[in-house]
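K.L.:
I'd like to go over a predicted model; first the sequence, then the structure.
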Amino acid sequence: MPLITLSQASLAFGDVALLDRVDFTLDQGERIALVGRNGEGKSSLLRILAGLQLPDEGHVVRQAGVDVASVVQEPEFGDARTAFDAVAGGLGGIASDLIAYHDAAHRAAAGEAAAIEDMARWHARLDQQQGWHLNQRVEQALSSVGIDPEANPADLSGGMKKRVALARALASQAPVLLLDEPTNHLDIAGIEWLEGAIGNWPGAVVVVSHDRRFLEAVATRIVELERGMLANFPGTFAAYQRRKADMLHAEAVQVARFDKLLKEEEAWIRKGVEARRTRNEGRVRRLEQLRRDRAARRERVGQVRLSLDAGAKSGQRVAELDAVTHAFGAAPLVRGFSAVIQRGDHVGLVGPNGAGKTTLLKLILGELTPESGRVVRGTQLEVAYFDQLRAALDDEAMLADVISPGSDFVDVGGGKKHIVSYLGDFLFPPQRARAKVKSLSGGERNRLLLARLFARPANLLVLDEPTNDLDIETLELLEALLQVYDGTLLIVSHDRAFLNNVVTQIYAFEGDGLVREYAGGYDDYLAQRPVAAAPAPAPADLVAKPDRTRERKPRLGFNEVRELEALPGRIEAMEAELAAVQARLGDPALYTTAPQDVRSLAARQDELARDIEGAMERWEALESRKAESG
């Protein structure tokens, strides 16, 4: 039985049908990539699957007992004061007791006397319900995404909030996982980690993403939402792209034939007298049907039309960096980096979040002065800067004023174009020219910022995370534009496919302020970067000769034999200490006579539980090897 089934589901936004009597099933173990243009309704479909929204018509059936965990584009965590609370809050049930216990612990640490009694009460409840394993699950999820459990979610960046949301979903271990643009704001290491997490997820996954390489790595079925309809494409994302190209070609041929027939029939009916004289009523009825079919046909949304004027050529040398060093506090972001950027170079900057990529861009542009070393900029530079935080956009400004303040026209390619027509090139309808920026979605804001950048010539284009929120089609059009752009390009991106298709060299941030330059795209960088040295091979006379008469496990070494003999006693001692710690924590007197010891005892309890589990696994492994080695 499918985990979730949609039957004849419809959903409309105004006059636009986002879902038009669609059917959908999600089976156990599936990895579905939901793709489509911005605004087609992908997020709305995820909300319906999650039970957060009902379709206007149709039915949604969920298998009994199937829980759903969701990661939305802009996660919020309510009143959660710590990342631990935010993650535990997604577990339900006993998790509320766990949150209450941690809250009481924080209040006790702050000196609140009443919190001591609260801790005792919540501790007893958790003991009774065997709830401490949830504590370990939450901590493991936060550790896997690199978040401090005590961090305040309100103080985290967008990328860190997305990591907390991912930890919350992973800790839930729900049968269904719904991810809406999970790779936005994640660095490449985070994206690769997420690929592995999805691959190991025991349930079903539905993911919305524009990252083609990520989708290729995780998806087993592609579901495309277009013009209110769902189309299924079993297999990988690459296979979907090939089949989609064939479908578009066939559709274009069919539409051309239909329009030609309709044109011929319209010309015939306009003859009037001849049509009535022939009394070809069948032909008239066919024309009426053609008209109805034409009216019902939902046209594909227009394609973004991108053009970029590189303007006058800059000097041959755009920038020269000589032993540039810059730090944030005591942490070096760039250390002793030297490079020469020539006119026409397309440079990609890669590295973990917070490594210093945006800082290096600002050093090159002169917005920051290096602490040591020097940056010499070239001549005749006309810079356009795409800011990942979209600081250039005023939420209260109208779209037309963002593009061309005080004028109804834009200078494009040496000529003038009306602002409404220019915004139409970026898929903004005429009525939205006077809309405010705050009404736009994330993808629309990116398109607007691109429109602003491309509205004037620039021979140095700086793009800081331009691919976030762009749909795949617009992303591919941007790639094609940048491939033929003859100006200089500096780009920060975590989209590996995008980097491969656009850049000619990589500046890689490799830790402790070290930045290295590599020729080629992202895959070329992977092939060139240094790898950890392999251990030296043992001398030939010390290499044990294999016993080809019988395959057997290697015998235990002397130290391993002693370790195996000592493990039962070690485990017994830890179990005794654990029982003593639990007894102290269960004594109400502790919380009045020695409240300062409560947190350390609770931490020791968790540490002992982990150590005992590890020792038991080690004991089993050694015993197994001992038995199999004969």
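P.N.:
In hand now; what should we look at?

K.L.:
so where's the stretch 1-150 of the chain uncertain?
P.N.:
Within the stretch 1-150 of the chain, the stretches with pLDDT under 70 are 15, 92-98, 102, 106, 109-111, 113, 117, 121-123, 125-133.

K.L.:
leaving out the residues flanking it, which one is nearest to residue 77?
P.N.:
Leaving out its chain neighbours, the residue that sits closest to residue 77 by CB to CB, 6 or more residues apart in numbering is residue 86, at 4.0 Å. Backbone N, C-alpha and C define where each C-beta goes, glycine included.

K.L.:
contact partners for the one you found?
P.N.:
The contact partners of residue 86, by CB atoms under 8 Å, 6 or more residues apart in numbering, come to 77, 80, 153, 164, 168.

K.L.:
just name the closest of those residues to residue 503, please.
P.N.:
Minimum distance to residue 503 across these is 31.2 Å, recorded for residue 164 (CB to CB).

K.L.:
quick check: which element contains the closest one?
P.N.:
Using DSSP states H and E, residue 164 falls within helix 158-172.

K.L.:
identify each buried residue in that helix, please.
P.N.:
159-172 (16 or more other CB atoms under 10 Å).

K.L.:
please apply the same query to stretch 393-413.
P.N.:
For stretch 393-413, by 16+ other CB under 10 Å, it's 393, 399-404, 410, 412.

K.L.:
please save the CA atoms from it in CSV.
P.N.:
C-alpha atoms of stretch 393-413 as CSV (Å, rounded to 0.1, in the frame of the first residue of the first chain):
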residue,chain,number,x,y,z
LEU,A,393,16.8,45.3,-3.0
ASP,A,394,14.6,47.6,-0.9
ASP,A,395,11.5,45.7,0.2
GLU,A,396,9.4,48.8,-0.1
ALA,A,397,10.5,49.8,-3.6
MET,A,398,8.5,49.1,-6.7
LEU,A,399,10.0,46.7,-9.2
ALA,A,400,10.2,49.4,-11.9
ASP,A,401,12.1,51.7,-9.6
VAL,A,402,14.6,48.9,-8.7
ILE,A,403,15.5,48.6,-12.4
SER,A,404,15.4,52.2,-13.5
PRO,A,405,14.7,54.8,-10.8
GLY,A,406,12.9,57.9,-12.2
SER,A,407,12.7,56.6,-15.7
ASP,A,408,10.3,54.4,-17.8
PHE,A,409,13.1,53.2,-20.0
VAL,A,410,16.2,51.0,-19.7
ASP,A,411,19.3,51.3,-21.9
VAL,A,412,19.9,47.7,-23.2
GLY,A,413,22.3,46.8,-26.0
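
K.L.:
list the contacts of that stretch.
P.N.:
By CB under 8 Å, 6+ apart, the residues outside stretch 393-413 that reach it are 307, 309, 416-420, 422-423, 428, 432-438, 440, 445, 448-449, 451-452, 454-456.

K.L.:
now do the SS call for the residue nearest to residue 77.
P.N.:
Under the three-state scheme (DSSP: H, G, I helix; E, B strand; the rest coil), residue 86 adopts helix.

K.L.:
so how many other residues sit close to the spatially closest residue to residue 366 that is not a sequence neighbour?
P.N.:
Closest residue to residue 366 apart from its sequence neighbours, by CB to CB, 6+ apart: residue 377 at 6.1 Å. Residue 377 is flanked by 17 other residues according to other CB atoms under 10 Å.
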